[in-house]
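**Q** Need a 3D model of the sequence below.
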Amino acid sequence: WKIQDNLIEQTWKNSNAKRKQLATYAFDRVFGPESKNEEVYNKVVKNIVTKAMEGYHCSVFAYGQTSCGKTHTIHGTKHSKGGVVQMAVRDMFGYIRNCPSREFLLRVSYMEIYNERIYDLLADAKDGDRTKLDPREDLKNRTVHVAGLSKQTARSAEHLMQLIDEGSRRRKMEIGRAHI
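**A** You can find the predicted model right below:
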């Protein structure tokens with residue numbers, strides 16, 4: 001694998017081929033293993049947070065294979081708390097403080113896609129049984145939403161982080177073949 005600009009090149013030698021094969025994948029932005037969470041936030045997420053505070057519907061979606069660093073990027077570590085989420089919460093409430101004449105309603109949803117099923121991580125679950133949700137498409141308005149996904153109102157930065165921590169504890173984590 002080779003990362004250059006916003007391209008990832010994969011080179012391999014196929015046992016049936018006489019020469020090396022090359023595949024190139026193009027992305028909007030590529031970050032290598034040396035990238036810091038703050039760089040990811042500043043180059044990708046910060047503008048999305050600003051747009052959300054201006055009233056646009058926005059999302060940040062982390063996708064990748066198990067153990068590739070999604071959780072570290074999004075949440076930071078137990079010691080640093082320097083993940084994208086913490087930086088976004090800081091900037092959202094900074095934006096609110098800088099607009100004293102406006103009223104804000106900040107609602108949060110937290111979902112997980114695991115084994116092609118969608119789970120609401122903020123819904124109250126009985127006996128650890130989480131409700132599976134389904135995506136719905138509104139063809140007229142050209143939108144997609146998750147039917148039944150709960151929305152919690154965040155009263156402060158601290159309350160929002162409590163909601164996120166609560167949802168994070170409900171995530172499925174796979175260790176070997178055991179599910180936690």
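**Q** now the helices for this protein?
**A** Per DSSP state H, the chain carries helices over the ranges 37-40, 46-53, 70-75, 84-97, 157-169.
**Q** Out of those helices, which is closest to residue 20?
**A** Comparison of the helices of the chain against residue 20 by Cβ to Cβ identifies helix 70-75 as nearest, at 30.1 Å. In short, each C-beta sits where N, CA and C put it, glycine included.
**Q** Could you list the buried residues of the closest one?
**A** Within helix 70-75, the residues that qualify as buried by neighbour count (16 or more other Cβ atoms under 10 Å) are 73, 74, 75.
**Q** Also stretch 37-57?
**A** Along stretch 37-57, these residues count as buried under the neighbour rule (16+ other Cβ under 10 Å): 37, 40, 41, 45, 46, 48, 49, 52, 53.
**Q** per-residue confidence at the nearest residue to the fifth one once chain neighbours are set aside?
**A** The spatial neighbour of residue 46 that comes closest, neighbours along the chain excluded (Cβ to Cβ, 6 or more residues apart in numbering), is residue 91 at 6.6 Å. Reading off the per-residue confidence, residue 91 sits at a pLDDT of 96.
**Q** what about residue 91, neighbour count?
**A** Here the count is done by other Cβ atoms under 10 Å, and residue 91 has 17 residues near it.
**Q** That one reaches residue 47, doesn't it?
**A** No. No contact is recorded between residue 91 and residue 47 when judged using Cβ atoms under 8 Å, the distance being 10.5 Å.
**Q** burial count for residue 164?
**A** Counted with other Cβ under 10 Å, the burial measure for residue 164 works out to 21 neighbours.
**Q** Residue 84 and residue 11, how far apart?
**A** Shown here: residue 84 relative to residue 11, a distance of 31 Å by Cβ to Cβ, to the nearest Å.
**Q** Of these two, which one has the most company?
**A** When neighbours are counted by other Cβ under 10 Å, residue 84 comes out ahead of the other of residue 84 and residue 11, with 23 against 11.
**Q** Many thanks, have a good one.
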